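>>> Fold the following.
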Amino acid sequence: VNCLVFLLWQNVRLRRFMHKHFTLSLRGIVVDYRFHTLFTHFWSHNSEGHLLANMLTLWFFGTECVAMLGVARFFQLYLAAGIFSGFCQIAWPSVASALPIPAKYRMWAYDLNLGASGAINAIVAYNILTFPSRIILVWFLFPVPSAFLGTLFLAKDLHGLYTGQSHIGNAAHIGGTFVGLAAWLALKRRSVWY
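So this is what the prediction gives:
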């Protein structure tokens, strides 16, 4: 679906439609009542590199999660994380404006958001929490324990939220991570009873 939506973005005639229906903004939800964009934004990507990075990450971490969770539960996790992470991303400017942090001067309620990173972060978090000592080869060269790598990514996103100097969806990433954590905790607790 991500690749198909990316191909639709390449058609110049569809660009206005895609911006209207496949990006997420607070204005789109509150003023224009485009609630469906909470669902559609996480199928969109703004460049080949963005799409490739997300799809490779999904493949590396998601394949194993599908085997553990089953297709239906995996898809539920992906959808829940995509929707929740989008909500986090559009809510963050309102939260940041009330905090004494540098980000409050750099956040806009009308910024357009897209990408599957929030949903994918849930999958990555679930996988890392399931196998925290697994070694991951960063750039296929540097061996790093998965829990350490996950902590680094979370720290990077928290720093981005604080400073507001990032053009990526840090709030969406963190929201997705929390959905992955919640799913892991719920399924771990459930497995104790079986």
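>>> where along this structure do the helices fall?
Ranges of helices in the chain, per DSSP state H, are 2-9, 15-21, 26-30, 37-40, 48-69, 71-97, 117-130, 146-163, 170-192.
>>> Switch those helices over to a markdown table; also include mean pLDDT and distance to W139.
(C-beta placed from N, C-alpha, C; glycine too.) Compiled in a markdown table, the helices of the chain are given as follows (pLDDT from 0 to 100; distance: least, CB to CB, whole Å):
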| stretch | mean pLDDT | distance to W139 |
| --- | --- | --- |
| helix 2-9 | 94 | 23 |
| helix 15-21 | 94 | 32 |
| helix 26-30 | 91 | 36 |
| helix 37-40 | 96 | 32 |
| helix 48-69 | 95 | 12 |
| helix 71-97 | 94 | 25 |
| helix 117-130 | 97 | 16 |
| helix 146-163 | 93 | 12 |
| helix 170-192 | 90 | 20 |
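>>> Need the ones you listed in a markdown table (columns: distance to A103 and mean neighbour count).
Formatted as a markdown table, the helices of the chain follow (distance: least, CB to CB, whole Å; neighbours: other CB atoms under 10 Å):
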| stretch | distance to A103 | mean neighbour count |
| --- | --- | --- |
| helix 2-9 | 28 | 14 |
| helix 15-21 | 25 | 13 |
| helix 26-30 | 15 | 17 |
| helix 37-40 | 22 | 18 |
| helix 48-69 | 22 | 15 |
| helix 71-97 | 5 | 19 |
| helix 117-130 | 18 | 26 |
| helix 146-163 | 6 | 16 |
| helix 170-192 | 9 | 19 |
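>>> Just want the most central residue of this protein.
G118 (0.8 Å; CA atoms, centre = their mean).
>>> Rebuild the helices of the chain as JSON lines, extending it with distance to D111.
Putting the helices of the chain into JSON lines (distance: least, CB to CB, whole Å) gives the following:
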{"stretch": "helix 2-9", "distance to D111": "18"}
{"stretch": "helix 15-21", "distance to D111": "12"}
{"stretch": "helix 26-30", "distance to D111": "8"}
{"stretch": "helix 37-40", "distance to D111": "13"}
{"stretch": "helix 48-69", "distance to D111": "16"}
{"stretch": "helix 71-97", "distance to D111": "8"}
{"stretch": "helix 117-130", "distance to D111": "15"}
{"stretch": "helix 146-163", "distance to D111": "14"}
{"stretch": "helix 170-192", "distance to D111": "11"}
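>>> And those helices: which comes nearest F140?
helix 48-69 (11.0 Å; CB to CB).
>>> roughly how far apart are the nearest residue to V66 once chain neighbours are set aside and M68?
Leaving aside its chain neighbours, V66 sits nearest to F74 (4.7 Å; criterion: CB to CB, 6 or more residues apart in numbering). According to CB to CB, to the nearest Å, F74 stands 8 Å off from M68.
>>> Ok, A53 next?
Taking CB to CB as the measure, A53 falls 23 Å from M68.
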